[in-house]
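Enquirer: make a model of this:
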Amino acid sequence: MIAGKMPSWLKKAVFYEIYPQSFLDTNKDGIGDIKGIIKKLHYIRSLGCNAIWLNPCFESPFQDAGYDISDFYKVAHRYGTNKDLKNLFYRAKKQGIRIILDLVLGHTSTEHPWFKASCSAKKNFYSNRYIWTNSVWEDAGGGLKSIQGYAERDGNYITNFFHFQPALNYGFTNPDPKRSWQLSTKHPDVVRTKEEIKKIMRFWLDMGASGFRVDLAGLLVKNDPDYEATMVFWQEIRRMLDKEYPEAVLVSEWGNPLKSLSAGFHMDFTLHGGDFSDMYNSLFRKGEQSFFHEKGAGNIKKFIQPFTACYENTKKIGYISFVSGNHDMLRLSYRKNRRTLKSAFVLILSMPGAPYIYYGDEIGMNYQEQLVSKEGGYERTGSRTPMQWKKGKNAGFSQAQAKKLYLPIEKGKYIPNVESQEKDPDSLLNTVRKLIRIRQQYPALQADGDFSVLYAEENKYPFVYVRSMGNERILVALNPSGMNKTVSIKASDIKEISLILQDNVQSIEIKKGMLNIKMKKFSFGLWCINPQTLKK
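Expert: Okay, here's the model as predicted:
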């Protein structure tokens with residue numbers, strides 16, 4: 001387990017995830033680009049976000065939207081150049097914004113020069129950069145997926161996801177002696193792969209990146225059921241960062257904070273997939289059974305029980321980060337009441353760890369159903385549509401003809417857009433801004449603040465909790481349902497509260513050691529507890 005020093009800037013970090021091809025197009029080709037991100041840095045800063053997670057922007061044939069990299073050292077032409085990305089790092093930092101890059105380290109594209117070299121029948125430096133069986137007639141076994149008859153090389157290559165994503169070779173835990181192609185994690189060729197990963201990281205950190213989000217971080221070493229060998233590799237990477245780049249951050253797509261944070265990652269996401277998926281899905285992704293749904297049929301216990309246990313076991317070594325969504329999920333707004341979305345953001349932006357907002361979620365962009373798959377998106381395609389900046393042509397995303405757009409703009413007279421919501425003080429966008437501003441104002445609401453539950457009962461509403469840091473304590477109450485709710489909580493240590501922000505709360509009072517809250521439908525509130533204890 002690694003419990004090194006956390007990068008100082010993470011304490012107040014609020015991330016904004018950008019899917020570059022759908023954010024802003026500046027050269028009229030219908031695809032977003034790096035210059036478009038630079039142009040909108042002021043908007044991201046206006047939200048209160050001070051960090052960006054940039055989805056893959058490297059050279060790729062884009063069969064899987066850039067998660068099939070063909071050159072780890074080069075920005076894809078459709079987004080710009082390495083010089084453009086370096087300029088983005090520079091311009092962002094001038095505005096107080098850090099940028100982490102999305103690294104896909106489990107596999108590459110079949111178009112990568114390493115893979116093309118490994119396809120040769122003649123043994124060479126890259127023959128073991130990927131995992132190949134010894135014969136095209138040999139089944140890989142062990143649940144591994146393989147592609148047969150691809151190259152002149154006599155063997156099948158192991159793939160991680162789609163057929164064009166061959167798995168890089170990080171070795172096997174306890175290699176099968178009957179399968180000589182299964183190399184140990186200490187084999188010289190495997191070690192060379194790991195050293196190349198360090199070289200890639202150094203290249204972008206030296207250019208100005210502030211860290212990495214790692215795709216499929218827990219699935220590098222094969223036949224590693226307890227992740228032990230994979231964790232050893234990441235601990236090695238973390239030691240490198242602590243020594244050479246102590247302010248660089250490492251974020252995992254793992255979905256198991258107990259493993260990933262022990263492996264040396266600074267953060268792990270709450271995700272719709274992974275070992276703790278039910279914890280996250282019970283909040284937002286269970287349809288009418290979600291806690292954040294107007295039907296009020298959710299069960300907060302399905303979230304709070306696993307989360308509390310996980311949080312207590314990891315809070316001293318890293319962060320569990322809450323996300324509004326990402327490029328692999330249906331949009332947060334999918335089949336939800338718009339007012340329920342506000343209370344969902346209250347939770348996302350008031351929990352421990354560093355929160356992430358997926359572009360467009362702050363305005364309630366809709367999931368577009370039944371779109372034809374684009375670049376391997378399939379059902380995910382509807383969550384990757386262009387950002388809606390304003391009314392008018394292509395919602396301000398691009399000046400290109402509509403038929404040239406990366407994906408279509410949502411149809412409708414009143415589609416969510418930034419321009420319209422800027423003018424509405426009660427809009428989702430302006431609510432998100434207020435919440436981020438409050439988070440930055442109160443240390444108790446930031447990444448390191450303690451978390452404790454006041455009220456979270458089986459199949460009941462509201463959800464009430466406290467965040468604290470030193471003498472500062474913030475009370476948060478959420479009723480995202482379409483029904484009025486009342487709760488009385490024993491709270492003898494609460495003597496006084498002062499309002500920070502509330503919406504549709506009927507009343508809150510402290511009487512005879514009880515905290516009594518009457519919450520109308522779709523309501524939330526944040527209050528400072530015992531404000532007289534705070535230093536002036």
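
Enquirer: who's in contact with the closest residue to Gln532 other than its chain neighbours?
Expert: Excluding the flanking residues, the one nearest Gln532 by Cβ to Cβ, 6 or more residues apart in numbering is Glu496, at 6.6 Å. (C-beta placed from N, C-alpha, C; glycine too.) Glu496 makes contacts with Ile510, Ile529, Asn530, Pro531, Gln532, as judged by Cβ atoms under 8 Å, 6 or more residues apart in numbering.

Enquirer: repeat that with 7 Å
Expert: Residues in contact with Glu496 (Cβ atoms under 7 Å, 6 or more residues apart in numbering) are Asn530, Pro531, Gln532.

Enquirer: hmm, the first one is touching Lys495, no?
Expert: Yes: here Asn530 reaches Lys495: they are 5.5 Å apart, a contact under Cβ atoms under 7 Å.

Enquirer: wait, what's in contact with Val466?
Expert: Ser452, Leu454, Arg473, Ile474, Leu475, Ile529.

Enquirer: what strand or helix carries the spatially closest residue to Ser60 that is not a sequence neighbour?
Expert: Nearest non-adjacent residue to Ser60, counting by Cβ to Cβ, 6+ apart: Gly66, 4.8 Å away. For Gly66, there is no enclosing helix or strand under DSSP states H and E.

Enquirer: in strands, which of the contacts of Val466 fall?
Expert: Among the contacts of Val466, the ones falling in strands (DSSP state E) are Ser452, Leu454, Arg473, Ile474, Leu475, Ile529.

Enquirer: buried ones among these?
Expert: Using 16 or more other Cβ atoms under 10 Å as the burial test, the ones in strands among the contacts of Val466 include Leu454, Arg473, Ile474, Leu475, Ile529 as buried.

Enquirer: CSV please, covering these and showing distance to Met365 and pLDDT.
Expert: Below are those laid out as CSV (distance: Cβ to Cβ, whole Å; pLDDT from 0 to 100):
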residue, distance to Met365, pLDDT
Leu454, 33, 97
Arg473, 35, 97
Ile474, 29, 98
Leu475, 31, 98
Ile529, 35, 96
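
Enquirer: let's have the residues you listed in a markdown table, adding distance to Tyr150.
Expert: Compiled in a markdown table, these are given as follows (distance: Cβ to Cβ, whole Å):
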| residue | distance to Tyr150 |
| --- | --- |
| Leu454 | 58 |
| Arg473 | 60 |
| Ile474 | 57 |
| Leu475 | 60 |
| Ile529 | 63 |
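
Enquirer: now Arg153, what's its secondary structure?
Expert: What DSSP: H, G, I helix; E, B strand; the rest coil gives for Arg153 is coil.

Enquirer: give me phi/psi at it?
Expert: When read as degrees, to the nearest 10, the backbone of Arg153 gives phi -60, psi 140.

Enquirer: so which residues of the stretch 301-450 of the chain form helices?
Expert: Taking DSSP state H, counting those that start in this stretch to define them, one finds helices in the stretch 301-450 of the chain at 301-314, 338-348, 418-422, 428-441.

Enquirer: do the same with the stretch 51-200 of the chain
Expert: Taking DSSP H, counting those that start in this stretch to define them, one finds helices in the stretch 51-200 of the chain at 82-94, 113-118, 188-207.

Enquirer: can I get those helices in TSV including distance to Ser70?
Expert: Below are the helices of the stretch 51-200 of the chain laid out as TSV (distance: least, Cβ to Cβ, whole Å):
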stretch	distance to Ser70
helix 82-94	15
helix 113-118	8
helix 188-207	13
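
Enquirer: I'd like the ones you listed as JSON lines, with mean pLDDT and distance to Met6 appended.
Expert: As requested, those are exported to JSON lines (pLDDT from 0 to 100; distance: least, Cβ to Cβ, whole Å):
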{"stretch": "helix 82-94", "mean pLDDT": "98", "distance to Met6": "19"}
{"stretch": "helix 113-118", "mean pLDDT": "98", "distance to Met6": "34"}
{"stretch": "helix 188-207", "mean pLDDT": "98", "distance to Met6": "17"}
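
Enquirer: can I get these in a markdown table with mean neighbour count and distance to Thr385?
Expert: Converted to a markdown table, these look like this (neighbours: other Cβ atoms under 10 Å; distance: least, Cβ to Cβ, whole Å):
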| stretch | mean neighbour count | distance to Thr385 |
| --- | --- | --- |
| helix 82-94 | 16 | 23 |
| helix 113-118 | 18 | 31 |
| helix 188-207 | 16 | 28 |
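
Enquirer: closest to Ala151 among the contacts of Val466?
Expert: Minimum distance to Ala151 across these is 57.4 Å, recorded for Ser452 (Cβ to Cβ).

Enquirer: is the closest residue to the closest one other than its chain neighbours bridged to anything, and to what?
Expert: Take Ser452 and drop its neighbours on the chain: the residue closest to it by Cβ to Cβ, 6+ apart is Val466, 5.1 Å away. In this entry, Val466 is beta-bridged to Ser452, Leu475, by DSSP bridges.

Enquirer: can you pull out the strands in the stretch 101-250 of the chain?
Expert: In the stretch 101-250 of the chain, the strands defined using DSSP state E, counting those that start in this stretch lie at 145-147, 157-159, 211-215, 249-252.

Enquirer: okay, the ones you listed in CSV with distance to Tyr378, mean neighbour count and mean pLDDT next?
Expert: Output for the strands of the stretch 101-250 of the chain, formatted as CSV (distance: least, Cβ to Cβ, whole Å; neighbours: other Cβ atoms under 10 Å; pLDDT from 0 to 100):
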stretch, distance to Tyr378, mean neighbour count, mean pLDDT
strand 145-147, 17, 18, 97
strand 157-159, 17, 22, 98
strand 211-215, 17, 25, 97
strand 249-252, 24, 26, 98
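
Enquirer: with distance to Ala121 added, can I get those in a markdown table?
Expert: Output for these, formatted as a markdown table (distance: least, Cβ to Cβ, whole Å):
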| stretch | distance to Ala121 |
| --- | --- |
| strand 145-147 | 16 |
| strand 157-159 | 14 |
| strand 211-215 | 31 |
| strand 249-252 | 37 |
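
Enquirer: ok, and the closest non-adjacent residue to Thr230?
Expert: Thr230's closest residue in space is Val221 (Cβ to Cβ, 6+ apart), at 4.6 Å.

Enquirer: show me the contacts for the residue nearest to Gly80 when sequence neighbours are not counted.
Expert: Of all residues not flanking Gly80 in the chain, Ile34 sits nearest, at 4.0 Å (Cβ to Cβ, 6+ apart). Ile34 sits next to Pro20, Tyr79, Gly80, Asp84, Leu85, Leu88 when contact means Cβ under 7 Å, 6+ apart.
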